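> Structure, please.
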Amino acid sequence: MFAVNSTGRLPYRYVTVLAVALAMLMLARPAMLRAADGPSYRECSPNGRLCFVLSIHEQVPVYSVTRDGKPVIDPSSLGFMLRGAGKWQHGMTLGEPARSNHSERWEQPWGESRFVVDRHNEMRVPITEQGKTRRTIDLVVRVFDNGVGFRFVFPRQSQLSDVRIDEELTEFNLAGKADAWWIPGGEANRYEYLYNHTPADEVGTAHTPITFRRDDGLHIAIHEAALSDYSAFWLQRIDGQRFRTRLAPSSQPWKVRRTAPFNTPWRTILIADDAPGLYAAADVILNLNEPNRLGDVSWVKPHKYVGIWWAMHLDKWSWNAGPKHGATTEHAMRYIDFAAAHGFKSVLVEGWNEGWWSESGRNFKFATAYPDFDMDRVSAYARSKGVEIMGHHETAGNAGLYERNLDQALAYYEQHGVHAVKTGYVADGGGVLREDPDGTEQWEWHDGQYMARHHEDVAIAAARHHIAINAHEPIKDTGMRRTYPNLVSREGARGTEYNAWGDPPNPPSHEPTLLFTRMLSGPFDLTPGIVSLEGRDGRPIPNTLARQLADYVAIYSPVQMAADLPENYARHPDALAFIERVPVDWEQTKVLQGAIGEYAVVARQRRGGGDWWIGGITDNAARTVSLDLSFLAPGRYRAEIWRDGPDGGIDGDRFAMIRETRTVSSEDVLDLTMKSGGGFALSLTPIRRGKK
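Below you'll find the predicted structure:
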C-alpha cells in the first residue's frame, strides 16, 4: 500500500512510479487496451509503426489505424445489412483474438518484380451479437509495414447459413485534411473517366483505388483485394471525410448471396510517405490474394503485339462487315508481315467474327468468321512467320451468351494456335445481360457479384486451353492475377482510344495520375505507341513523341501494344527502334521520383537481365529531373536516351526528339528535361570489360 500525504493525495514520487508501472504494463500487453464498451485489441506491423485497433463503441464494432502513434483512419464502424435478418451491427461483443505472423519471399511467373516479400502480422477476432440470434462474424486483419488488409469471415452457423447481403457497412473515416484523386462509381461509363482532383470532403461516390494526399504529405489509398464471388464496392462519402462501402448492385433484391462459410474480399488501406512509396506498397494487394491455382503456367508469355485496332478508332476501318471492314484476310496478313519483320509476337484481330454490331450482343458468333476473313489461312500464315494471332471476344455486355459459348469459342482459338484473347464487355453500367435458367433476361453491373464470378470462370476455362486473358470493360483488378496468372492485363481506365475520338483527349496529366491511382490495382492495357500523334481527322494528341515511348516503361502491362499503323512506324524509325527493344517482363521495379498528377520517373530491370529501362512522364509543365543512378550495380553502362528536343513540347514541335548515347556508371547523376506533355525513355545496358 502507498501512504497518502496530508492533502489526501499520493506523493508525487509514487504517482511517477505508478505512471511508469502502468506504461510498462501497456508495453507488455500492447494487444489489449481498455475501452468504455469492453476490451480493445490491437495488431501492429512487423516494424511496429502501423497499428490496427478493433473495439466496441456504443455496442458497435469500430476500428482505427495509426502510424507512428498518429491517426490515419479515425474510429470507423463495421457492419452489414442482411436481407431477412436485419442489421448486423449493434449489441456486439468481441471474442478472444487468434494471432499469427507470416514471412516469405515468393516468385511471380511474370510481373513488375520477380520476387515479392510478404511480411505481416495477423489477428482474427470473433464479433458476436448479444440477444437471441447471437450471430458471429469474424474479422481477420493483416498488418504490413506499408498497409492494412481486413476481411470478414462468415463461419458455418445455423442462424446465418444462406447469407443475403443488402449492403456492407464498412467505413473509412479519414484522419487529417486531405486532397483526393478519384473517378465516379456507379456511372454509365464504367471506369473510363478522367480523374477528379478535389478536397477529400468533396468526393461523391468513387471507384477504388482512390488516392488521398494529406496536408502533411502522407499518401493513403483505399481499395480491395481478392474480389471473388462478391460484389465490388464503390466508396461513398457520408459526411466530411467519412466514407462507406457501397456494393455494386445486382439484378436480384440483394447485392451478394453466399452460403456460409465464406470470406469477403479484403478491404485494403495502403499508406506511404510519398507517391513512389505508395506505388511500392501495392504489393500488399498481391500478398492478400491466394497463390497460383493453375499449376504450370509457363505457357503464359508476356509480349508485345500489333493489330487491327487503331484504324477502327480513326474511322478508317470498321469492326462490322462492309466496304470498310478491317478484319480481312488481306489486312491480317499485312500485319503479320509487319509483326514478323519487327519482332512482335502476336497480331490482334478485332471484328473478324459474325455478329457485329447487334443490340446487346445477341447475335455474336464466337467461332464463325465473316466471309472475307479466312481464319485457317490467316493462322497458318502467322505460324509460318513465327507469329501468333491474339484473339478477340467482344460480347457487347452479353456475358450470358458468352458463357454459353465459352468452351466452343476457346477450343476454336486453341485449334488455331491462339494463346491470348482480348475480351470485351462494351455496354453501359448496369447493361450486362445474362439469363436465368428459365430464359428470363436479367441485367447486371460490370462490377457486381455475377461479373466477379464470370471473370473468374473465364480465367479457369481459358487456362484449360492454355489461353491468357486481357479483359476490356472489365471488373476492376484486385490482384487476382496471382491466383490466376493467365489474367495478364485488363483495361478498367481511360485508354489511348480516347486520343482518337475523346472529347477531350487524355491530357498529359492522365498517366502521372494513373500511376498512383489505377495502377495500384494492377496492369493496364493502355495501348501506347501512337507515333503519328494524331487521332481522328488529324486531331492532335497532347503528347510528345518521346512521351509515347516513356509510357511503355511507366505504365505497366505484360502485354504491350504497338498501337499505331505500320505506315506511321515507317515514318518514325527511331521511335520504332525503342518499341522493338523495350521489355515487358521485369526483375524489379523502382519508382525513382513522382508526384500524383504531375510527373513520374520509373525504372525497371529486365527479368533475368542486367539492363535497366527508365521512363519519365510529365503533365503540362516542363521540368528537369536529376536521375541518381546509384541503384545500378557497379560498373559502366551504355545509356541510350530518347528525349524531347529543345523545341519540343505540346506547345512546340511535338515530334522533336533527340536520340543519343552516353557512358555512365552508378556514381553518375543524369539531368534530363521533359517538355510540356513530354517525357523521356532510356536504356542502361552493362558494358562488359574490354568493350567500349
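> so which strand or helix has A332?
Assigned by DSSP states H and E, A332 belongs to helix 329-342.
> contact partners of that helix?
The contact list for helix 329-342, computed with C-beta atoms under 8 Å, 6 or more residues apart in numbering, reads 305-308, 317, 344-347, 349, 352, 372-374, 377-378, 381-382, 385-387, 389, 562, 566, 569, 576, 580. Backbone N, C-alpha and C define where each C-beta goes, glycine included.
> Export it to CSV, keeping only CA atoms.
The C-alpha coordinates for helix 329-342 follow below in CSV (Å, rounded to 0.1, in the frame of the first residue of the first chain):
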residue,chain,number,x,y,z
THR,A,329,-7.6,-11.8,-94.6
GLU,A,330,-5.5,-9.3,-96.6
HIS,A,331,-5.2,-6.8,-93.8
ALA,A,332,-4.4,-9.5,-91.2
MET,A,333,-1.6,-10.9,-93.4
ARG,A,334,-0.1,-7.5,-93.8
TYR,A,335,0.0,-7.0,-90.1
ILE,A,336,1.6,-10.5,-89.7
ASP,A,337,4.3,-9.4,-92.1
PHE,A,338,4.9,-6.3,-90.1
ALA,A,339,5.0,-8.2,-86.8
ALA,A,340,7.4,-10.8,-88.1
ALA,A,341,9.7,-8.1,-89.5
HIS,A,342,9.9,-6.2,-86.2
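> roughly how far out does it sit from the chain middle?
Here helix 329-342 is found 32 Å from its chain centre; the criterion is C-alpha atoms, centre = their mean, to the nearest Å.
> so after that helix, what's the next helix or strand?
Next element after helix 329-342 (DSSP H and E): strand 346-349.
> which residues touch that following strand?
Applying C-beta under 8 Å, 6+ apart, the contact partners of strand 346-349 are 303, 305-309, 327, 332, 335-336, 339, 373, 378, 382, 387-392, 419-420, 422, 561.
> Just the buried ones out of the residues you listed, please.
For the contacts of strand 346-349, a neighbour count by 16 or more other C-beta atoms under 10 Å gives the buried set as 303, 305-309, 327, 332, 335-336, 339, 373, 378, 382, 387-392, 419-420, 422, 561.
> Tell me which of the contacts of strand 346-349 fall in helices.
Here DSSP state H is the test, and these give 332, 335-336, 339, 378, 382 as lying in helices.
> how much space between P566 and H313?
Plainly put, P566 is 16 Å away from H313 if you go by C-beta to C-beta, to the nearest Å.
> higher neighbour count, those two?
Legend: neighbour count by other C-beta atoms under 10 Å for P566 and H313, higher for H313 (20 against 16).
> out of everything not next to it in sequence, what's closest to the more buried one?
Leaving out its chain neighbours, the residue that sits closest to H313 by C-beta to C-beta, 6 or more residues apart in numbering is A500, at 3.9 Å.
> returning to that earlier point: would you format the ones in helices among the contacts of strand 346-349 as a markdown table with pLDDT and distance to L288 included?
Listed next are the ones in helices among the contacts of strand 346-349 as a markdown table, based on pLDDT from 0 to 100; distance: C-beta to C-beta, whole Å:
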| residue | pLDDT | distance to L288 |
| --- | --- | --- |
| A332 | 98 | 41 |
| Y335 | 98 | 40 |
| I336 | 98 | 41 |
| A339 | 98 | 38 |
| V378 | 98 | 42 |
| A382 | 98 | 39 |
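> so, if you compare the residues you listed, which one comes nearest to R606?
Using C-beta to C-beta, A339 is the member of the ones in helices among the contacts of strand 346-349 that lies nearest R606, at 21.1 Å.
> Could you find the closest non-adjacent residue to that closest one?
V387 (4.8 Å).
> Could you do Q605 as well?
E587 (4.3 Å).
> in the stretch 151-300 of the chain, which spans are strands?
162-168, 171-174, 178-182, 196-199, 205-206, 210-214, 219-225, 233-239, 242-247, 256-259, 262-263, 266-272 (DSSP state E, counting those that start in this stretch).
> packing partners for the third one?
Packed against strand 178-182 by the contact rule (3 or more C-beta pairs under 8 Å, 6 or more residues apart in numbering; DSSP states H and E) you find strand 196-199, strand 210-214.
> Now do the contacts for the closest residue to D283 other than its chain neighbours.
Of all residues not flanking D283 in the chain, V116 sits nearest, at 5.3 Å (C-beta to C-beta, 6+ apart). By C-beta under 8 Å, 6+ apart, the contact list for V116 reads 105-108, 283, 286-287.
> gap between V116 and D162?
Separation of V116 from D162 (C-beta to C-beta) stands at 37 Å.
> what's the answer for Y381, then?
55 Å.
> Kindly report the same for A562.
Applying C-beta to C-beta, the value for A562 to D162 is 51 Å.
> between the two, who's got more neighbours?
Set A562 next to D162 and count neighbours by other C-beta under 10 Å: A562 wins out with 25 against 11.
> That one touches K345, doesn't it?
No: the criterion here is C-beta atoms under 8 Å, and A562 misses it with K345 at 11.1 Å.
> Look up the residues that both of the two are in contact with.
Residues touching both A562 and K345 (C-beta under 8 Å, 6+ apart): 304-305.
> quick one on the thing from earlier: can you add mean pLDDT and give the helices and strands packed on strand 178-182 back as CSV?
Below are the helices and strands packed on strand 178-182 laid out as CSV (pLDDT from 0 to 100):
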stretch, mean pLDDT
strand 196-199, 98
strand 210-214, 98
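> Could I get those in TSV, plus columns for distance to V591?
Shown next, in TSV, are those (distance: least, C-beta to C-beta, whole Å):
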stretch	distance to V591
strand 196-199	20
strand 210-214	14
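> Quick one: closest of those to R654.
So among the helices and strands packed on strand 178-182, strand 196-199 is nearest, using C-beta to C-beta, at 24.9 Å.
> Can I get that closest one as CSV, trimmed to CA atoms?
Only the C-alpha atoms of strand 196-199 are listed here, as CSV (Å, rounded to 0.1, in the frame of the first residue of the first chain):
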residue,chain,number,x,y,z
ASN,A,196,-11.1,14.4,-60.5
HIS,A,197,-8.7,16.2,-58.1
THR,A,198,-10.7,17.7,-55.2
PRO,A,199,-10.6,18.1,-51.5
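> buried sites along it?
Buried residues in strand 196-199 (16+ other C-beta under 10 Å): N196.
> where's it relative to the chain centroid, distance-wise?
The chain centroid and the centroid of strand 196-199 are separated by 20 Å under C-alpha atoms, centre = their mean.
> Does anything pack onto that strand? Which helices or strands?
Here strand 196-199 touches strand 178-182, going by 3+ C-beta pairs under 8 Å, 6+ apart.
> Show me what the strand it packs on is in contact with.
195-200, 202-203, 206-207, 210-215, 220, 241, 513, 516-517, 596-597.
> Buried subset of those, written for ChimeraX?
Entered in ChimeraX, the line below selects the buried ones among the contacts of strand 178-182, by 16+ other C-beta under 10 Å:
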select :195,196,200,203,206,207,210,211,212,213,214,220,241,513,516,517,596,597
